[in-house]
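Participant: Turn this into a structure:
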Amino acid sequence: MQWIKEALNKMSKLHLEKILELAQSLQDYSAEKITDTPLEELLPFLQILEETARDEKMDAEPAVSKKSPGASPVIRDFHRQLTVKMEMEQAQKILAASKPWPWLRNYYFYKDYHSLITREQEMAGFAPYERLAYIGGGALPLSLILYQQLFGIRGVSIEKDPELAAISRKVLQKLDLSSHIHVIPGDETLLAEIEFEGFIVDAQAQPRKRVFTHLHASAPAEAKIVCRAYAGLLNSQLSPEDVSGFQAMDQCLFSGKVNLSSVLVRKV
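Facilitator: Residues are numbered from 1 along each chain as shown. Below is the predicted model:
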């Protein structure tokens, strides 16, 4: 069996080298450069990231952090900025289209989110009469759109960036969904002002501890709360400190273009 261990070690080393090469390539990509660079030039980096994130041969995060402490933050920041850019550009295409729905379905992550929402709904069981608040909706509130289209669930997107919130509102108007999904510009402190039965915390909603502190203070005891987190290199896993006062009820793992986990929790 020694040859198997040696083969796995070799693959792990190659995997690690690939990740470090990716981080080196991304070091010069500031938020401004990502904004100014055509998307077709950035997608190859995303595809490499997707390949490494899906690799199940090793848990890359500890090895990467030990070998190069700055590599993981570089990769995570690039992914976050690129995701914002992709949502913004797709939103603009939707707004400019005479038939917007095909452009929504053409979005890079559409099929993955369609599958993710289906699995989340199987886990959480949101009812059509329940109101769903999404924390960190971005410029393209795809999750809420799919929850509405697939399951008839109404929702509100809470987005702290005023520009992204404004674009999101226009997209919903273009898709004729404004009566089902609303957009509120602001952060997690707004949770104290609204009454909802269900909540979803986006994987990139930050700072995590503050978000969950306000959520715990505002959500009713019986509320269904879904927390999303990236795995591996994009690690945004929930620490015990983040979710103090909550109890995990169920979890679903989804391996699409990037690895996401969704955890159903409740207040205790």
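Participant: any weak-confidence spans in the stretch 101-250 of the chain?
Facilitator: 231-237 (pLDDT under 70).
Participant: Which parts of it are strands?
Facilitator: Remark: strands assigned in the stretch 101-250 of the chain by DSSP state E, counting those that start in this stretch are 131-135, 154-159, 181-185, 198-201, 224-230, 246-255.
Participant: who wins for proximity to residue 124 among the ones you listed?
Facilitator: strand 224-230 (5.0 Å; C-beta to C-beta). Just so you know, the C-beta spots here come from the backbone N, C-alpha and C atoms, and that holds for glycine as well.
Participant: Tabulate the strands of the stretch 101-250 of the chain (TSV), appending distance to residue 170 and mean neighbour count.
Facilitator: Listed next are these as TSV, based on distance: least, C-beta to C-beta, whole Å; neighbours: other C-beta atoms under 10 Å:
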stretch	distance to residue 170	mean neighbour count
strand 131-135	17	24
strand 154-159	13	24
strand 181-185	9	21
strand 198-201	22	24
strand 224-230	25	22
strand 246-255	29	14
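Participant: Next, format the ones you listed as TSV and append distance to residue 124.
Facilitator: Listed next are the strands of the stretch 101-250 of the chain as TSV, based on distance: least, C-beta to C-beta, whole Å:
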stretch	distance to residue 124
strand 131-135	9
strand 154-159	13
strand 181-185	18
strand 198-201	7
strand 224-230	5
strand 246-255	8
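Participant: of all these, which lies closest to residue 87?
Facilitator: Comparing these under C-beta to C-beta, the one sitting nearest is strand 154-159, at 10.8 Å.
Participant: Name the residue closest to the centre of the chain, please.
Facilitator: For the chain, the residue nearest the mean C-alpha position is residue 203 (4.2 Å; C-alpha atoms, centre = their mean).
Participant: so that residue makes contact with residue 262?
Facilitator: No: applying C-beta atoms under 8 Å as the test, residue 203 and residue 262 come out as separate, 9.0 Å apart.
Participant: Common neighbours of the two, please.
Facilitator: Residues touching both residue 203 and residue 262 by C-beta atoms under 8 Å, 6 or more residues apart in numbering: residue 228.
Participant: List the residues that contact the closest residue to the residue nearest to the centre of the chain other than its chain neighbours.
Facilitator: Take residue 203 and drop its neighbours on the chain: the residue closest to it by C-beta to C-beta, 6 or more residues apart in numbering is residue 228, 4.1 Å away. Contacts for residue 228 (C-beta under 8 Å, 6+ apart) come out as 200-203, 260-263.
Participant: closest to residue 97 among the residues you listed?
Facilitator: residue 202 (25.4 Å).
Participant: Measure how buried the closest one is and give me the count.
Facilitator: 21 (other C-beta atoms under 10 Å).
Participant: Do I have it right that it meets residue 134?
Facilitator: Yes: here residue 202 reaches residue 134: they are 6.9 Å apart, a contact under C-beta under 8 Å.
Participant: you'd agree residue 246 is up against residue 266?
Facilitator: Yes: using C-beta under 8 Å, residue 246 makes contact with residue 266 at a distance of 6.7 Å.
Participant: Now do the shared contacts for these two.
Facilitator: residue 225.
Participant: who's in contact with residue 185?
Facilitator: So residue 185 contacts 159-162, 165-166 (C-beta under 8 Å, 6+ apart).
Participant: Let me know the distance separating residue 87 from residue 212.
Facilitator: 24 Å (C-beta to C-beta, to the nearest Å).
Participant: try residue 228
Facilitator: Taking C-beta to C-beta, one finds residue 228 at 13 Å from residue 212.
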